[in-house]
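Chemist: Just a sequence and a predicted model for now, questions to come.
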Amino acid sequence: MSTAPGLRALRDRPFELLLELELRARAAVAGALDPQAGGVWSGVAFRLGGETFLVPRDEVREIMSVPAPLTRVPGAREWIRGLANVRGQLLPVIDLRQYLGAGVTQTDRNARVIVVNHREIPAGLLVDEVLGFRRFSDADYHVEAPMVGIRCERYLGGCFRRGSEAWPVLGLRTLIESPAFLQGSA
């Protein structure tokens, strides 16, 4: 691919420009651009109580604004904010911060609900803010998760490090399948 023309040289030849872009995209997908590069991990970054976390992309169905109204469930634990009707489906909305014992999440304009991608357990996790997608090289992964102020160690599955930053990975599947999470009645 070193003999490929520069994209600027093709700006007056749109068909050849599109052809070159397609070739580069196919090469990138096949991993031919950088044979030394390992795999790429993709996740969703979010804030919870002043801390930043990642969740694996494949464990997230969607990100949404806080639905209104939320219908409170009688006899449910405090951390279950209520049920929301999302496109005709009932979705339990859980205050993740409150579940982890780190206070109540304020439902301001930055608050979001991360809808968990799980076949059997529907759940939307209320978080302070979603920062968007983050991509890391597999080489950036470390098995040991950093110390965090929120008590969630049992749900952490390592971290990704980039420079001086450490991004702990919160396993949503581990979280929602845990016995404590499944005991939602007060």
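Modeler: Done, it's in. Fair warning: this is a prediction, and the values are worked out from it, not measured in the lab.

Chemist: need the contact list for residue 113.
Modeler: 63-67, 84, 93, 124-127 (Cβ atoms under 8 Å, 6 or more residues apart in numbering). (Each C-beta comes from the backbone N, C-alpha and C, glycine too.)

Chemist: Mind telling me what element it is part of?
Modeler: Secondary structure assignment for residue 113, by DSSP states H and E: strand 112-116.

Chemist: any idea of the mean pLDDT in whichever helix or strand comes after that strand?
Modeler: Sequence order places strand 124-127 as the next helix or strand after strand 112-116, per DSSP H and E. The average pLDDT for strand 124-127 rounds to 93.

Chemist: Go ahead and name everything in contact with strand 124-127.
Modeler: 46-48, 64, 66-67, 81, 84, 86, 91-97, 105, 107, 111-116, 172.

Chemist: Then stretch 155-172?
Modeler: 41, 43, 45, 51-56, 59-60, 114, 116-118, 125, 134, 136, 140-146, 148, 152, 174-175, 178.

Chemist: For ChimeraX, write the select line for the buried members of these.
Modeler: In ChimeraX, the members of the contacts of stretch 155-172 classed as buried (16 or more other Cβ atoms under 10 Å) are selected with the following command:
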select :41,43,51,52,53,54,55,56,59,60,114,116,117,125,134,136,140,141,145,148,152,175
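
Chemist: Give me the subset of the contacts of stretch 155-172 lying in helices.
Modeler: 174-175 (DSSP state H).

Chemist: what about residue 98, which SS state?
Modeler: The local conformation at residue 98, judged by DSSP: H, G, I helix; E, B strand; the rest coil, is helix.

Chemist: so who does the nearest residue to it once chain neighbours are set aside touch?
Modeler: Nearest non-adjacent residue to residue 98, counting by Cβ to Cβ, 6 or more residues apart in numbering: residue 79, 4.1 Å away. Residues near residue 79 by Cβ under 8 Å, 6+ apart: 94-95, 98-99.

Chemist: Mind putting those into CSV with pLDDT?
Modeler: Listed next are the contacts of residue 79 as CSV, based on pLDDT from 0 to 100:
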residue, pLDDT
94, 92
95, 93
98, 90
99, 91
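
Chemist: Now compare those and name the two farthest from each other.
Modeler: Pairwise distances across the contacts of residue 79 (Cβ to Cβ) peak at 8.2 Å, for the pair 94 and 98.

Chemist: Tell me which of the two has more neighbours.
Modeler: For residue 94 versus residue 98, the count of surrounding residues by other Cβ atoms under 10 Å is larger for residue 94: 26 against 18.
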